[in-house]
Structure formats: C-alpha cells, structure tokens
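Peer 1: below is the sequence, then the predicted model.
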Amino acid sequence: MVIAGVLGLPSARANVVISVNFVGGQGGVNGAGTVNGAAGVLRSTIWNNEAPSSGSALTLLDSNSASAGLITWSDGNNWAATGSTPATNDAALMSGYLDNFNQSGSISVSGLGAQFTADGYRVIVYENADSAGNWGFRVTDTLSTIDTRFGAQLIGGGGNYPLSGPNGYVESVATTAGAATNGNYVTLGSFYGDGFVLNGVAGNSGDVRARINGFEIVAIPEPADAAVLLGLLTLAVAGVVAFKRRQTAR
C-alpha cells in the first residue's frame, strides 16, 4: 500500500507455509500416521504426507493448496516413536520418522517461489523418536546460507511428545549438541535461496542418530508477525485519516 510505504512500514501479506509429514512406521506399518488437519507449531492444516523412505521430484502443496516446490528425499529406513496407532493429527506428525537420518538421509527442496524468497523463510524440523539422546539438523540453501540446530530427547518410547509447551511443542535453539535442551522442534534460518538441502547431524549424548518426523517451510513474516504488521498498518491508516480530517476542519 502507498500509505505503508510512506510511513516506512512493510506491507502485511498472507503467510504461506509448506508442511511435510513423514508417515514412517515400524516395519512401515506400526505407528505410521498421516496428518489430515491442524497440527504442529503453526497449526497448519494442509500437509504433504510422504510415506516411503525415498521419493524424487514430488510436488509440494502450500497452505493455499497451490503447487509451491518439489521435494526429493532418501533414507535407509522408516520407523516410528511407538508401535501404537496415532490418535490425533499431532500424534501422527510426531510418530513416524525417517530413521538414521544423519547416516544415510538427505532431503532436497527446489523451486520455491517469490512468496518464500522475497522476504525469506525459516525451516521448522520436528523430532520425536523411540530412544533418548540428542541430535541435530542442518539446512544449506542454494545461496550457501547454512544453519544448524540441536535438540535433546530425555525419555525414549515417543517421550518427546507431548511436552509442556503450547499444543505439546517446545523449541530447542541450541547451535551445538552439548548445549541442546529438551525440545521436539528446532527452527533454522532465515534463508532466501529458491531451494535447500536438509541433513541430519549426529549428537554427542545417548542415542545420537538424527531422526526427523517432519518439517515446515515458513515464509516470513510468520503468522504472528503478519498480524502485528497488519495491526500497525491499520493504526497508521487511521492516524492519517484523522490527521486529514483535522486539517480539513480548520
């Protein structure tokens, strides 16, 4: 909007998210689950459920159900935090995973559009496994920006979900394995490249194998940021209108 530019405020725009769940399952079956509604930190409702341990150049849908990129991934094994059938969408997200991800796993995302690259994006990675330990994840985008974060799981058998945060989620922000705190997701970025590679990083305590339940690509501004910007913009517009009215009344 012209007024936003004049006032030096960024324009608020709809947030866009790409959400990916790895269905997993012990033996490809027990504990596997698809996400079909609100789940995760952002309560996203459109999820790309990826079932096998590998896939090539598959289309990703964003939160508007529009094609938003391509995903290619490979890993040696699927598994799940427990063998029980998940009862909720969040439980499904935090059950199945790509196993031994730091040893043989790799995820590549390509073809991200301007809705992600113009103002940047972050990558949220979820972690909940069948054994306790710490491990991490690294994102390297096509502009060679790199970020690495680590989380710790204190209790095995799926004990990393739910935790005590909103909707059962707690973030770890550690950049080294030794500093990892108990959390079931990490946030990496910001990134501006039109694609990236996501890898696992071994930890240094307990079961150090990286395991990934799913991830989300979140355009900036994130939902809360967009709401704040929209509120500021509304106030700014109201102020300009009130000022003009006062000037006219004189």
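Peer 2: In hand now; what should we look at?
Peer 1: make it CA atoms for all contacts and neighbour counts henceforth
Peer 2: Noted.
Peer 1: excluding its backbone neighbours, what's nearest D207?
Peer 2: Nearest non-adjacent residue to D207, counting by CA to CA, 6 or more residues apart in numbering: G133, 4.4 Å away.
Peer 1: these two touch, right, I46 and S63?
Peer 2: Yes - taking CA atoms under 8 Å as the definition, I46 is a contact partner of S63 at 5.4 Å.
Peer 1: quick check: neighbours shared by the two?
Peer 2: I18, S19 (CA atoms under 8 Å, 6 or more residues apart in numbering).
Peer 1: A92 looks like it's in a helix, true?
Peer 2: Yes - looking at A92 with DSSP: H, G, I helix; E, B strand; the rest coil, it is inside a helix.
Peer 1: residues near the closest residue to it other than its chain neighbours, how many?
Peer 2: Spatial nearest neighbour of A92, excluding adjacent residues (CA to CA, 6+ apart): G33 at 4.5 Å. When neighbours are counted by other CA atoms under 10 Å, G33 registers 29.
Peer 1: same check on L58?
Peer 2: Neighbours around L58, by other CA under 10 Å: 14.
Peer 1: same check, this time on G165
Peer 2: Neighbour count for G165, taken as other CA under 10 Å: 12.
Peer 1: can you give me phi and psi for it?
Peer 2: phi -90, psi 180 (degrees, to the nearest 10).
Peer 1: quick one: pLDDT of it?
Peer 2: On pLDDT, G165 comes in at 98.
Peer 1: I46 and S63: who's more crowded?
Peer 2: Using other CA under 10 Å as the criterion, I46 and S63 rank with I46 on top: 20 against 17.
Peer 1: phi, psi for that one please.
Peer 2: For I46, the backbone dihedrals (degrees, to the nearest 10) come out as phi -100, psi 110.
Peer 1: what about it, distance to R211?
Peer 2: 22 Å (CA to CA, to the nearest Å).
Peer 1: and A114, by the same measure?
Peer 2: From A114 to R211 the distance is 30 Å (CA to CA).
Peer 1: higher neighbour count, those two?
Peer 2: R211 (30 against 14).
Peer 1: I'd say the more buried one and E127 touch.
Peer 2: Yes - R211 lies in contact with E127 (CA under 8 Å); the separation is 6.4 Å.
Peer 1: one step back: which ones are touching the residue nearest to A92?
Peer 2: Taking CA under 8 Å, 6+ apart, one finds V23, G24, G25, T85, P86, A92, L93, S95, G96 in contact with G33.
Peer 1: just the buried residues of these.
Peer 2: Buried by 16 or more other CA atoms under 10 Å: V23, G24, G25, P86, A92, L93, S95, G96, out of the contacts of G33.
Peer 1: which of the residues you listed fall within strands?
Peer 2: Mapping the buried ones among the contacts of G33 onto strands (DSSP state E) picks out G96.
Peer 1: closest one of the buried ones among the contacts of G33 to A39?
Peer 2: Nearest to A39 among the buried ones among the contacts of G33: L93, at 7.3 Å, using CA to CA.
Peer 1: wait, a helix at Q115?
Peer 2: Yes - under three-state DSSP, Q115 sits within a helix.
Peer 1: strand partners of the helix or strand where N49 lies, parallel vs antiparallel please.
Peer 2: For N49, the host element (DSSP states H and E) is strand 48-50. When pairing is defined by DSSP bridges, strand 48-50 lines up against strand 17-22 (parallel).
Peer 1: now do the strand it pairs with, average pLDDT.
Peer 2: 98.
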